[in-house]
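[1] Structure for this input, please:
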Amino acid sequence: MLCLKNRKITILKAIVDEFIETAEPIGSKTLMTKYNLPYSSATIRNDMQSLEEMGYLEKTHVSSGRIPSTKGYKFYCENLMEDKLDNQIVVALKSAISNGRYDLNDAIQQSCDIVSEMTNLATGALGPDSRYQKLEHIKLFPIDERNAVVIFITNTGHTETKNFRFSEDVSVKDIETCCDIINSRLKGTLVDELPEKFEAMKPILEQKIYSHEMLYKAFLNAFTKFASENLYYSKTSNILHQPEYSDIEKIKQLMTMLDNNTVWRRLESNENTNSITTATGSKLQWIDDVAIVKSSFRVNELEEGQLMVVGPSRMDYSKIVAVLEYVADMLERIYGQGRK
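    Below you'll find the model as predicted:
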């Protein structure tokens, strides 16, 4: 805060707030009339020029007005951002997941869908790493003579579904036998250890099941997937409603970033200096003209998940940070040990 005087801080805050609301460059007249700033038009113009020279504002080519730069957004989020929890989103979230009728994964996805739908921003989640959970049991649901669904369930309620479509060499009875063996021998095993433990069981499968090799590969693949990170994106197309993404090249750039998970890698990297961590633990980062807000939640001492919103730099940070922290608190309260 010491790098800017109070008057410049007031002007910068007004410009950021106005640009978030309108997506239009801001001039001194707007600041005087709408925000009732007690300064002359000349003083405001001089301070805007100074803020531009200091890197907090940028001047667009199509207007004499100015818009916030990444440095300006960063200063705003570090020093001027206010808590602004959207009651409509809160009501929708409470209605969807507060009674705990969903398992954790479904609750995360429901939350992401609601936030994305009500903000027109891309929302994602990196679910709790299931490696530290233990296998509780496996349930088999035969569909017909050639199809079945197997659900893997952990002690925390995390689930993974495997659809089996098999040839005449494998029967539902074979899958049932395999599930029985797994339930009797691997219950209580850490999910991270399941592939290795299951591999050691191969001689038993050879004795009990005729087409053991096909089932062995299918279950091994399922166990390996079960131990991996659970990444989910919700309605990324919603972000296209933002005026910034009327440019097809910007759309391609953003979708490529989301599709190849660049966002998660860059967010965890310490290389980008355009990032801050709020007093409440949320992380904000800017990559080119894309802004990312992340909040973490913990369901137990070992399992941590992450919620993320991606959008244009001109996003309503106060609203997004508040709602992500609300979702994180709700998930911890319902599915974990609650915030300390």
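
[2] how close does residue 151 get to residue 159?
    6 Å (Cβ to Cβ, to the nearest Å). (Glycine included, C-beta is placed from N, CA and C.)

[3] In the stretch 51-200 of the chain, where is pLDDT below threshold?
    Where the stretch 51-200 of the chain drops to pLDDT under 70, the residues are 62-63, 129-132, 157-158.

[4] swap the cut-off to 90 and go again
    Within the stretch 51-200 of the chain, the stretches with pLDDT under 90 are 59-65, 82-83, 97-109, 122, 124-134, 140-176, 190-196.

[5] Where do the strands of it begin and end?
    Per DSSP state E, counting those that start in this stretch, the stretch 51-200 of the chain carries strands over the ranges 57-59, 66-68, 122-127, 135-142, 147-154, 159-165.

[6] contacting residues around the last one?
    Right, strand 159-165. 103, 105, 130, 146-153, 175, 218-219, 222, 225-226 (Cβ atoms under 8 Å, 6 or more residues apart in numbering).

[7] Neighbour count for residue 151 and residue 159, which is higher?
    Using other Cβ atoms under 10 Å as the criterion, residue 151 and residue 159 rank with residue 159 on top: 17 against 14.

[8] returning to what we had before: can you put the strands of the stretch 51-200 of the chain in TSV and add distance to residue 333?
    Converted to TSV, the strands of the stretch 51-200 of the chain look like this (distance: least, Cβ to Cβ, whole Å):
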stretch	distance to residue 333
strand 57-59	41
strand 66-68	35
strand 122-127	17
strand 135-142	23
strand 147-154	20
strand 159-165	21
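
[9] who's in contact with residue 327?
    93, 111, 115, 295, 297, 307.

[10] how far away is residue 305 from residue 192?
    From residue 305 to residue 192 the distance is 17 Å (Cβ to Cβ).

[11] Of all the strands of the stretch 51-200 of the chain, which one comes closest to residue 197?
    strand 135-142 (9.3 Å; Cβ to Cβ).

[12] between the closest one and strand 159-165, how big is the angle?
    In terms of direction (axes from the mean of the first three to the mean of the last three Cα atoms, to 10 degrees), strand 135-142 departs from strand 159-165 by 30 degrees.

[13] Which strands border strand 135-142, and is each parallel or antiparallel?
    strand 147-154 (antiparallel) (DSSP bridges).

[14] Residues touching the strand it pairs with, excluding its own?
    130, 133-143, 159-166, 172, 175, 179, 191, 222-223, 226.

[15] which among those residues end up buried?
    For the contacts of strand 147-154, a burial check counting by 16 or more other Cβ atoms under 10 Å picks out 130, 133-136, 138, 140, 142, 159-160, 162, 164, 166, 172, 175, 179, 191, 222-223, 226.

[16] now residue 143: how far from residue 170?
    14 Å.

[17] Residue 217: neighbouring residues, count only.
    Residues near residue 217, counting by other Cβ under 10 Å: 10.

[18] all helices of the protein, in order?
    Ranges of helices within the chain are 6-22, 28-35, 41-53, 70-79, 87-97, 104-119, 172-186, 194-200, 202-208, 212-226, 248-259, 262-268, 317-335, based on DSSP state H.

[19] what comes up buried for stretch 18-37?
    For stretch 18-37, by 16+ other Cβ under 10 Å, it's 18, 19, 20, 25, 26, 27, 28, 30, 31, 32, 35, 37.

[20] Quick check: buried residues in stretch 236-243?
    Residues of stretch 236-243 classed as buried: 236, 238, 239, 242 (neighbour count, 16+ other Cβ under 10 Å).
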